[in-house]
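Asks: sequence first, then the predicted structure, then my questions.
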2 protein chains.
Amino acid sequence: MSDAISPLAPKSYPKMPEVAGVRIATAEAGIKYRGRKDLLLMVFDAGTEAAGVFTRSKCPSAPVELCRQNLSGGKARALVVNSGNANAFTGSKGRQATAATAKAAAKAVGAEEGEIFLASTGVIGEPLDAGRFTHLLDGMAANAAPAGWSDAARAIMTTDTFPKMLSARVRFGDSEVVLNGIAKGAGMIAPDMATMLSFVATDAPIASHVLQDLLSKGTAGSFNSVTVDSDTSTSDSLMLFATGKAADKGAPRVEDVKDPVLVPFRRALNKMLKELALQIVRDGEGARKQVEVRVTGAKSSRSAKRVALSIANSPLVKTAVAGEDANWGRVVMAVGKAGEPADRDLLSIWFGDIRVAHNGERDPGYSEEETSEYMKRDEVVIRADLGLGRGKATVWTCDLTKEYVAINGDYRS
Amino acid sequence: MSDAISPLAPKSYPKMPEVAGVRIATAEAGIKYRGRKDLLLMVFDAGTEAAGVFTRSKCPSAPVELCRQNLSGGKARALVVNSGNANAFTGSKGRQATAATAKAAAKAVGAEEGEIFLASTGVIGEPLDAGRFTHLLDGMAANAAPAGWSDAARAIMTTDTFPKMLSARVRFGDSEVVLNGIAKGAGMIAPDMATMLSFVATDAPIASHVLQDLLSKGTAGSFNSVTVDSDTSTSDSLMLFATGKAADKGAPRVEDVKDPVLVPFRRALNKMLKELALQIVRDGEGARKQVEVRVTGAKSSRSAKRVALSIANSPLVKTAVAGEDANWGRVVMAVGKAGEPADRDLLSIWFGDIRVAHNGERDPGYSEEETSEYMKRDEVVIRADLGLGRGKATVWTCDLTKEYVAINGDYRS
């Protein structure tokens, strides 16, 4: 947690309602941070179903491996998250720590170990001493309460400067369900996955295989379309829990992904995932500006996304945005280096609505003054049209500032 | 040209000998910079043969397109390089500028336009007004002299903090030849190509197709193995010119790439290309440390190089090096995100000779103090062994400092 809050932080935080069937407790375990909550226990009522999407890193953390294994059961009774230590690249000690945590959590909530999910975020490679917090879980489970979503969002932070939480009420058949989401990010953020950690819970009665389908598809335009620094974490985890408690209010159970009851839910979920992902970008380490990169006219959507990521990950583009410099020449460079089909003489580039380059050269009507004025905004849109086809993609990133270097040069010390 | 010289600059510059058949002139054309030389004319005697390797950007600059076209002839009579403006993404105006420059240079040295080579470095997207300097070429050609290599190295600088030049004398049959090379780099440096601009000249009598073979193969372990910021320029150019004048001293003409006469020459050329590439890394924008990344035990050399570049391009690894933080967890992250075959439990990582991680966890003998002491060095070696096969690769980069962000946030203003 940094002292200075990102200038892109939300002006206010939403009041988070309860999600029937979810109880929350947080604690100060002192794993790395002092004087703040660093441990989250989320307890789910029996019958809660779960889905998850995890990092594609070839060196995933021990908690990610445990979650993947337990997801096959589709059932969840508890989620334990610690900040300050990622329990990644910790070998057999890492597996011992996850096993001990899962066992203690299962006992605390009265569940099977296969119904426990874990996430850890923080330093990589330091053994995580589960003994620091496993003894706390009994008490936490006993005191867990339906409120506390805001504390949960804060307990999972590392270098985040603001907590990330969103809530929505959604029509579900003739009933209504609640959807609450929290996330943490800050650095080491890139597809795929682009979150560090994000957890969404609902009282909607939805079968786990349907949840998984919703979540997997929902990441494409959200967490898999944001990048802070092109670095993919070993620990990225996004999970969705459905307690089914809204059935008590008459919500129908959904077992089929094509069920029309899901339409508003899917829309609300996708919107929430995108908003949480954007909050992560807006809290990118050292970020001062949000950058939306839109690529159109590519040969395919896949090609468009690669070009968009080439622009969004270019240090030279990101430092130019930090310097409020309308340096579209670096956008040309980034298009050129992506290795995707591109023709200089068909390329057009816009900053916001200002077309700065057209048909392979500077736009005749280009105004340095007008464009420089645009670059002073908090949110900058860079658009490149390749003029080749109908493929398009949008990704989001932030600028690259001296603060990013300061934060990451000093992180462990 | 920045005020502060890189701490990694050479302690002294070599005295550059003449290369028979090469004459040099430099001038202050005032294209962008004031009070310094920004124009280089290199004149080659008739009979000079040429080879070149250029950027793989899909949006190459106008001079790159002209060089590619003229290389088919294999003959060179002049090279014109300007700094301050890259003449890239300048459309038909860019082609007009290269045509006007080639025409003026051809007239000035009494050659065909197809024997003229051009390079431009600096801002992208601004039209280059060739009228600023074409009128100077006649006088420069008249005054060009065999000395002046040091001036040449300085005239092609942009944000470089020191000129890059090397010379070697090489046995060539029973005779001896000279090899002189200059380069400029600083930012937007990544494979492939990794140079900004580099020009090497020799008096050896070597046919152009042999030169091309030597140069193409020589880039793999040099310019195509360095990265400053993963950004590939639109203008990267490496050229090799052979005047053949050493034939007057008895050097044999080489027409076959397998000719044993070439053995010491090839070795000297490869060494020079590598040293010039490393000088570019050591003058990376804001660089304070040189980083060598060695990957061994990969499934293949290609795979090893991808993993090595993933480490070398990771902002989190590079900022950790800047902060003198032995943060090997970020090396694990970078191995994991490369997408290449890797197994966490077989992975070992070294900083210098200190093994920090072994078999998927922190090395039992790891000493934070010893490793932190090592990180204070100017030159840091990071080695990762994947334990899977025999593929290996080495790449070089520099650290990522606040100065990089400052330089690139302010470049155009």
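Replies: Sure thing, it's come through. Numbers count the residues shown, from 1 in each chain, chains lettered A, B, ... in the order given.

Asks: so where do the helices sit in the stretch 301-413 of chain A?
Replies: Here the stretch 301-413 of chain A has its helices, by DSSP state H, counting those that start in this stretch, at A:301-313, A:315-322, A:328-337, A:368-375, A:402-410.

Asks: format these as a markdown table; extra columns: mean neighbour count and distance to chain B.
Replies: From N, CA and C alone the C-beta is placed, and that goes for glycine too. Converted to a markdown table, those look like this (neighbours: other C-beta atoms under 10 Å in any protein chain shown; distance: least, C-beta to the nearest C-beta, whole Å):
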| stretch | mean neighbour count | distance to chain B |
| --- | --- | --- |
| helix A:301-313 | 24 | 8 |
| helix A:315-322 | 27 | 4 |
| helix A:328-337 | 28 | 3 |
| helix A:368-375 | 15 | 9 |
| helix A:402-410 | 21 | 3 |
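
Asks: the residue of the stretch 101-250 of chain A found nearest chain B: neighbour count?
Replies: Ranking the residues of the stretch 101-250 of chain A by distance to chain B (C-beta to the nearest C-beta) places residue A:124 first, at 2.7 Å. Other residues near residue A:124 number 28, with proximity taken as other C-beta atoms under 10 Å in any protein chain shown.

Asks: that one against residue A:89, yeah?
Replies: Yes - with the criterion set as C-beta atoms under 8 Å, residue A:124 and residue A:89 qualify as a contacting pair; they are 5.5 Å apart.

Asks: pull up the overlap in contacts between these two.
Replies: Listed as contacting both residue A:124 and residue A:89 by C-beta atoms under 8 Å, 6 or more residues apart in numbering or on different chains are A:61, A:234, B:329, B:332.

Asks: doesn't residue A:54 make contact with the second one?
Replies: No - in terms of C-beta under 8 Å, residue A:234 does not count as a neighbour of residue A:54; the distance is 10.0 Å.

Asks: more crowded one of those two?
Replies: Neighbour totals were compared for residue A:234 and residue A:54, and residue A:234 leads with 29 against 22 (other C-beta under 10 Å).

Asks: just give the nearest non-adjacent residue to the more buried one, would you?
Replies: With C-beta to C-beta, 6 or more residues apart in numbering or on different chains as the criterion, residue A:234 has its nearest non-adjacent residue at 4.1 Å, and that residue is residue A:88.

Asks: next up, the contacts around the residue nearest to residue A:363 when sequence neighbours are not counted.
Replies: Across the structure, with C-beta to C-beta, 6+ apart as the measure, the residue nearest residue A:363 apart from its sequence neighbours is residue A:355 (4.9 Å). Applying C-beta under 8 Å, 6+ apart, one finds that residue A:355 lies in contact with A:348, A:349, A:363, A:365, A:366.

Asks: equivalent analysis for residue A:81, please.
Replies: Listed by C-beta under 8 Å, 6+ apart, the contact partners of residue A:81 are A:39, A:40, A:42, A:118, A:119, A:120, A:121, A:155, A:156, A:197, A:199.

Asks: do that again at 7 Å, thanks
Replies: The contact partners of residue A:81, by C-beta atoms under 7 Å, 6 or more residues apart in numbering or on different chains, come to A:40, A:119, A:156, A:197.

Asks: most surrounded residue in those?
Replies: Of the contacts of residue A:81, residue A:119 is surrounded by the most neighbours, 30 neighbours in total, counting by other C-beta under 10 Å.

Asks: pLDDT score assigned to that one?
Replies: Looking at residue A:119, its pLDDT is 95.

Asks: how far out from the middle of the chain is the helix or strand hosting it?
Replies: Under DSSP states H and E, the secondary-structure element containing residue A:119 is strand A:116-123. Its chain's average C-alpha position is 14 Å from that of strand A:116-123, according to C-alpha atoms, centre = their mean, to the nearest Å.

Asks: stretch A:396-405 too?
Replies: What separates the centre of stretch A:396-405 from the centre of its chain is 17 Å, taken as C-alpha atoms, centre = their mean.

Asks: show me chain A divided up by domain.
Replies: Recorded structural domains for chain A (assignment: automatic domain parsing) are A:22-282, A:290-410.

Asks: which ones are touching the residue nearest to residue A:234?
Replies: A:61, A:124, A:234, A:235.

Asks: which strand residues bridge the nearest residue to residue A:53 once chain neighbours are set aside?
Replies: Spatially, and ignoring its direct neighbours in sequence, residue A:53 is nearest to residue A:238 (4.7 Å; C-beta to C-beta, 6+ apart). Each beta-bridge partner of residue A:238 is listed here: residue A:53, residue A:198, as defined by DSSP bridges.

Asks: just checking, residue A:238 touches residue A:198?
Replies: Yes - counting by C-beta atoms under 7 Å, residue A:238 sits close enough to residue A:198 to count as a contact (4.7 Å).

Asks: residues from the stretch 1-150 of chain A in reach of chain B?
Replies: Contact residues, the stretch 1-150 of chain A versus chain B (C-beta under 7 Å from any C-beta of the partner chain): A:57, A:58, A:59, A:89, A:90, A:91, A:93, A:123, A:124, A:125.

Asks: quick one: which of the residues you listed sit in strands?
Replies: Using DSSP state E, the members of the residues of the stretch 1-150 of chain A next to chain B that fall within strands are residue A:123.

Asks: PyMOL command to pick out the buried ones of the residues of the stretch 1-150 of chain A next to chain B?
Replies: Provided next is the PyMOL selection string for whichever of the residues of the stretch 1-150 of chain A next to chain B are buried by 16 or more other C-beta atoms under 10 Å in any protein chain shown:
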select buried, chain A and resi 57+58+59+89+90+91+93+123+124+125
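
Asks: out of the residues of the stretch 1-150 of chain A next to chain B, flag the one nearest to residue A:165.
Replies: When the residues of the stretch 1-150 of chain A next to chain B are compared for distance to residue A:165, the smallest value, 24.5 Å, is given by residue A:123; criterion: C-beta to C-beta.

Asks: bridged to the closest one, which residues?
Replies: When bridges are assigned using DSSP bridges, the partners listed for residue A:123 are residue A:85.

Asks: ok, back up a step: ok, now how distant is the residue nearest to residue A:363 from chain B?
Replies: 13 Å (C-beta to the nearest C-beta, to the nearest Å).

Asks: so what's that residue bridging to?
Replies: Legend: beta-bridge partners of residue A:355 under DSSP bridges are residue A:350.

Asks: which parts of stretch A:215-223 are buried?
Replies: Judged by neighbour count (16+ other C-beta under 10 Å), stretch A:215-223 contains these buried residues: A:215, A:218, A:219, A:220, A:222, A:223.

Asks: would a markdown table of the residues you listed with pLDDT, secondary structure and distance to chain B be doable?
Replies: Written out in a markdown table, the entries for the buried residues of stretch A:215-223 read as follows (pLDDT from 0 to 100; DSSP: H, G, I helix; E, B strand; the rest coil; distance: C-beta to the nearest C-beta, whole Å):
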| residue | pLDDT | secondary structure | distance to chain B |
| --- | --- | --- | --- |
| A:215 | 90 | helix | 21 |
| A:218 | 88 | helix | 22 |
| A:219 | 87 | coil | 17 |
| A:220 | 83 | coil | 18 |
| A:222 | 83 | coil | 19 |
| A:223 | 81 | helix | 15 |
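
Asks: packing partners of the helix or strand encompassing residue A:99?
Replies: Secondary structure here is read from DSSP H and E; on that basis residue A:99 sits in helix A:91-109. Other helices and strands packing on helix A:91-109, by 3 or more C-beta pairs under 7 Å, 6 or more residues apart in numbering or on different chains; DSSP states H and E, are helix A:62-71, strand A:78-85, strand A:116-123, helix A:137-143.

Asks: relative to residue A:286, which of the ones you listed is closest?
Replies: Ranked by C-beta to C-beta, the member of those that lies closest to residue A:286 is strand A:116-123, at 18.5 Å.

Asks: the inter-axis angle of that closest one versus helix A:62-71?
Replies: Calculated by axes from the mean of the first three to the mean of the last three C-alpha atoms, to 10 degrees, strand A:116-123 forms an angle of 160 degrees with helix A:62-71.

Asks: same for strand A:116-123, what does it pack against?
Replies: In this structure, strand A:116-123 makes packing contacts with helix A:62-71, strand A:78-85, helix A:91-109, judged by 3+ C-beta pairs under 7 Å, 6+ apart.
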